[in-house]
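> kindly generate the corresponding structure for this input.
(one chain, ligands or ions: 1)
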Amino acid sequence: MTLSNTVILEVDGHEYIPRDIHFHWGRNDTQGSEHSINSRKYSLEMHIVCYNSKYGSVAEAKFFKDGILVIESVEVGVKLFWKRKLCAFNLGEFLNVDALRKGSFVVYNGSFTTPPCYEDVTWVIPLKVNSIDKRKMNFFREIQGLDGRLVDNYRPIQPINTRKCLVG
Ligand SMILES: [Zn+2]
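All right, here's what the predicted structure looks like:
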């Protein structure tokens, strides 16, 4: 999903423009997120990919240390069943803006999670986990890919190495 250039985030004196929102999820509620919080993985993770406005695009910005910022949000599936088939999403449901406002987040320098996994991505991880109902979670799990159901489209947890995580 591509976003318009109308929203600008100011972080550390830089202007970041959200460009892309995408999701990673698993076949069941014990997997799907690319990050874990206190060693726990979650059923779904949303990424909002933003680029530094001074570089003009994600393609340009990805080569620079201050080029890319990704805001992520993890979700845990809960056992609620809905009868209606239609599935509408309000993106506000997926991101805990309150946690960001209150400084309840972690920032670290990592990489893209898809090949070629460029380094120099600033990750912002809200520490409050949202919930997603079963119906919406199943909507993701029923999406068809080239080889059948598209599930487990996440990168395994990577070693932290010498990275430092800063708590907001
Ligand atoms: Zn991603």
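> within range of the ion, give me the residues from this structure.
H47, T113 (CB under 5 Å from the ion). Quick note: C-beta positions are derived from backbone N, CA and C, even for glycine.
> what's the helix or strand for the spatially most central residue of the chain?
Centroid-nearest residue in the chain, with CA atoms, centre = their mean: H47, separated by 2.3 Å. In this structure, H47 is located in strand 44-52 according to DSSP states H and E.
> which other helices and strands does that strand contact?
Counting contacts by 3 or more CB pairs under 8 Å, 6 or more residues apart in numbering; DSSP states H and E, strand 44-52 is packed against strand 14-25, helix 58-61, strand 68-78.
> I'd like those laid out as JSON lines, including mean neighbour count and mean pLDDT.
Formatted as JSON lines, those follow (neighbours: other CB atoms under 10 Å; pLDDT from 0 to 100):
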{"stretch": "strand 14-25", "mean neighbour count": "19", "mean pLDDT": "89"}
{"stretch": "helix 58-61", "mean neighbour count": "16", "mean pLDDT": "93"}
{"stretch": "strand 68-78", "mean neighbour count": "22", "mean pLDDT": "78"}
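> in a markdown table, list the ones you listed along with distance to L150.
Output for the helices and strands packed on strand 44-52, formatted as a markdown table (distance: least, CB to CB, whole Å):
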| stretch | distance to L150 |
| --- | --- |
| strand 14-25 | 9 |
| helix 58-61 | 23 |
| strand 68-78 | 17 |
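> out of those, flag the one nearest R141.
strand 14-25 (6.9 Å; CB to CB).
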